[in-house]
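Student: What shape does this take:
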Amino acid sequence: MRMALLVWEYAWMVFCRWTPKPANRWRLLVLRMFGTKIEGRPFVHQRARIQIPWHVTLRDRSCLGDRANLYSLGEIEIGERATIGQEAYLCAGSHDFDDPSMHLVTAGISVAEDAFVGARAFVMPGVHIGHSAVVGACSVVTRDVAPAAFVAGNPARPTGRTRSKPYVT
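Tutor: Model (predicted):
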């Protein structure tokens with residue numbers, strides 16, 4: 001596995017990081033070659049970072065913004081039309097701090113359709129972000145986010161506002 005990760009790192013650096021935004025199809029091809037499950041035509045910014053591409057699923061018209069980071073030690077699924085803002089960090093792995101040896105623990109993350117994760121937000125392992133939910137910029141999401149909810153802060157909490165209807169483009 002370490003060799004596959006090394007090959008992946010170099011492949012992304014050599015074949016994708018330098019590409020202009022319109023070269024999205026090329027980046028999707030490279031991601032597919034490394035096992036990313038892709039439906040339709042999502043957008044992946046050339047400076048997005050994906051740790052383990054074979055643990056990632058990208059649905060139609062989902063978007064990974066500039067320097068978005070998918071630390072995909074566990075499965076990460078991005079739903080249709082969902083957006084992961086610039087420099088957001090989805091972390092699917094952590095350590096068991098109750099165990100003296102602090103073993104690695106992984107848990108999947110799912111971002112449902114039409115959801116939005118704001119710039120520099122941090123999403124913890126095992127979190128599900130519901131349909132049409134909005135995560136505010138710089139928020140730390142430690143628990144599931146209900147559909148159509150707006151959450152913000154550290155830790156992220158509901159703001160009392162809800163999304164009346166999903167964005168349709």
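
Student: Give the full set of residues in contact with H103.
Tutor: Residues near H103 by CB atoms under 8 Å, 6 or more residues apart in numbering: H95, D96. For the C-beta atoms, the positions are set from N, CA and C on the backbone; glycine is no exception.

Student: you'd agree D144 is up against A133?
Tutor: No. With contact defined as CB atoms under 8 Å, D144 and A133 do not form a contacting pair (9.4 Å).

Student: okay, now T19: neighbour count?
Tutor: By other CB atoms under 10 Å, 13 other residues sit near T19.

Student: Wasn't it part of a helix?
Tutor: No. Secondary structure assignment (DSSP: H, G, I helix; E, B strand; the rest coil) places T19 in coil, not in a helix.

Student: Now it: closest residue in space, sequence neighbours ignored.
Tutor: Q46 (5.0 Å; CB to CB, 6 or more residues apart in numbering).

Student: right, and that neighbour touches W26 too?
Tutor: No. With contact taken as CB under 8 Å, Q46 and W26 are classed as non-touching, separated by 9.5 Å.

Student: Now do the shared contacts for the two.
Tutor: Joint contacts of Q46 and W26 (CB under 8 Å, 6+ apart) are C16, T19.

Student: in the protein, what secondary structure element scores lowest on mean pLDDT?
Tutor: strand 157-162 (a mean of 86; mean pLDDT, DSSP states H and E).

Student: What strands flank it, and is each parallel or antiparallel?
Tutor: strand 149-152 (antiparallel) (DSSP bridges).

Student: distance between the strand it pairs with and the chain's centre?
Tutor: 17 Å (CA atoms, centre = their mean, to the nearest Å).

Student: Give me the contact list for that strand.
Tutor: 130, 133-137, 139, 141, 145, 157-163.

Student: for stretch 32-41, same thing?
Tutor: Counting by CB under 8 Å, 6+ apart, 8, 11, 24-25, 28, 31, 50, 53-54, 56-61, 80 sit against stretch 32-41.
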